[in-house]
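A.B. asks: predicted model, plus sequence, below.
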Amino acid sequence: MGSDLTIEDIKAQARKAAFAARKAAHDMLKGQDNCAQLRTALAPFAGQPMAGFMPIRTEINPLPVMAEWSQSAPVAVPVIRAAGQPLVFSRWYSDGALVDGPFGAQVPAVEDLVIPHVLIVPLVAFDTAGGRLGYGGGFYDRTLEGLRARGEVTAIGFAYDAQEQTDLPLEPTDQPLDMIVTQSRIIKTR
């Protein structure tokens, strides 16, 4: 019976388990500064344009680091233009006006596009080889593929330790992460 499962079915099962693990970690760790390791991982990239993300649901919160970074370099957040398209990144300010975007993430009210050199990438699950399971829209895979074709970019997955899984159901189109950062460690993958 297991052989009747499609890759989409297997990914859906992996996401379900990962969402539960992420929620448990989030409930236990919310309100804490979970960004110490992220600050350390980002230090070699000081001054470079960076894209973070607006946390939704039970995602780990990168906003403290994004606010610090924005004091000396551009910080942007992802904007979904359409299904099947890569993301664009609009400049974010910690005190800037935001509006609701697709999937519940807020985006800057005034679009000011930035091409990031460093991306803090949200995820549902990860493995220590740089595999990433996202929400299933393929937005980051298309985006990373395009950015990497243009030049050097570093993709850093940011998650709770509890989001680690072994044997992630990955496909050839899934773009690997260069590094995974959790609240307790830095995993260099590439």
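C.D. replies: Received the coordinates, thanks.

A.B. asks: how about residues contacting the longest helix along the chain?
C.D. replies: The single longest helix within the chain, with elements called by DSSP state H, is helix 7-29. Where contact means CB atoms under 8 Å, 6 or more residues apart in numbering, the residues beyond helix 7-29 that reach it are 5, 58-60, 124-125, 133, 135-136, 159-163, 165, 168-169, 171, 183. Placement of C-beta: from N, CA and C, glycine included.

A.B. asks: would you mind listing the buried residues in it?
C.D. replies: Neighbour-count burial for helix 7-29, with 16 or more other CB atoms under 10 Å as criterion, is recorded at 11, 14-15, 18-19, 21-22, 25-26, 29.

A.B. asks: same question, stretch 90-109
C.D. replies: For stretch 90-109, a neighbour-count test (16+ other CB under 10 Å) marks 90-92, 101, 105, 107-108 as buried.

A.B. asks: from the chain's centroid, how far away is it?
C.D. replies: With CA atoms, centre = their mean, to the nearest Å as the basis, stretch 90-109 stands 16 Å off its chain's centre.

A.B. asks: so what would you say the end-to-end distance of it is?
C.D. replies: 9 Å (CA to CA, to the nearest Å).

A.B. asks: so for that stretch, mean pLDDT?
C.D. replies: Per-residue pLDDT over stretch 90-109 has a mean of 91.

A.B. asks: also stretch 29-38?
C.D. replies: 93.

A.B. asks: how about the contacts made by residue 45?
C.D. replies: 117-118, 154.

A.B. asks: same thing but at 10 Å, please
C.D. replies: Contact analysis of residue 45 by CB atoms under 10 Å, 6 or more residues apart in numbering lists 69, 73, 117-118, 154, 156.

A.B. asks: all helices in this protein, in order from the N-terminus.
C.D. replies: Using DSSP H, helices in the chain cover 7-29, 36-42, 63-69, 139-150.

A.B. asks: for the second one, name the packing helices and strands.
C.D. replies: In terms of contact count using 3 or more CB pairs under 10 Å, 6 or more residues apart in numbering; DSSP states H and E, helix 36-42 is assigned the packing partners helix 63-69, strand 118-121, strand 154-158, strand 179-181, strand 186-188.

A.B. asks: pLDDT below threshold where in the chain?
C.D. replies: Low-confidence segments of the chain, defined by pLDDT under 70: 1-3.

A.B. asks: repeat that with 90
C.D. replies: Scanning the chain for pLDDT under 90 picks out the ranges 1-5, 7-8, 30-33, 82-83, 101-105, 136-137, 151-152, 167, 190.

A.B. asks: on that earlier part again, buried among the contacts of residue 45? Need that as a selection in PyMOL.
C.D. replies: Buried members of the contacts of residue 45, defined by 16+ other CB under 10 Å, are picked up in PyMOL with:
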select buried, resi 69+73+117+118+154+156
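
A.B. asks: biggest separation within the contacts of residue 45, which pair?
C.D. replies: Greatest spacing in those, by CB to CB: 73 and 156 (15.0 Å).
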